[in-house]
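Engineer: Got a predicted structure here, sequence first:
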Amino acid sequence: MAENAISRQLAWQRRQVALGRCRVCGGERDSGGTTICAPCRIERRAKARLREGTRPWEPGRPGRPPTESRLVDPQHVTSLSYAAWLARVTPPKTERKPA
């Protein structure tokens, strides 16, 4: 690959952003300078929470409410316990069959 050539994935992402679409899934994105849509942003933050070992914000706890609370039903976001949230964001494990 030449020094100035970009990968086809990066070219696709740049094309989606230029068309006003989400750079992850190609769907409609939010206005306000973001390059990804709300569902992709929520999924990305949930994966980051799992990776970093942090819990989502809950009312009464320190910190600012997440910005997704404006995009998603607030009762749905705040009514999840940590165990319920973890069950929702953790991908199902597939069973491996012995070779």
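Structural biologist: Right, received. Where do you want to start?

Engineer: contacts, neighbours, all on C-alpha from now
Structural biologist: OK.

Engineer: wait, Cys40 sits on Arg21?
Structural biologist: No - judged on Cα atoms under 8 Å, Cys40 makes no contact with Arg21 at a distance of 11.8 Å.

Engineer: ok, those two, which is more surrounded?
Structural biologist: Neighbours per residue (other Cα atoms under 10 Å) separate Cys40 from Arg21, with Arg21 holding more: 21 against 16.

Engineer: contacting residues for the closest residue to that one other than its chain neighbours?
Structural biologist: Nearest non-adjacent residue to Arg21, counting by Cα to Cα, 6 or more residues apart in numbering: Glu28, 4.9 Å away. Listed by Cα atoms under 8 Å, 6 or more residues apart in numbering, the contact set of Glu28 reads Gly20, Arg21, Cys22, Cys37.

Engineer: how about those in TSV, adding pLDDT, distance to Arg8 and secondary structure?
Structural biologist: Formatted as TSV, the contacts of Glu28 follow (pLDDT from 0 to 100; distance: Cα to Cα, whole Å; DSSP: H, G, I helix; E, B strand; the rest coil):
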residue	pLDDT	distance to Arg8	secondary structure
Gly20	90	18	coil
Arg21	91	17	strand
Cys22	92	16	coil
Cys37	88	21	coil
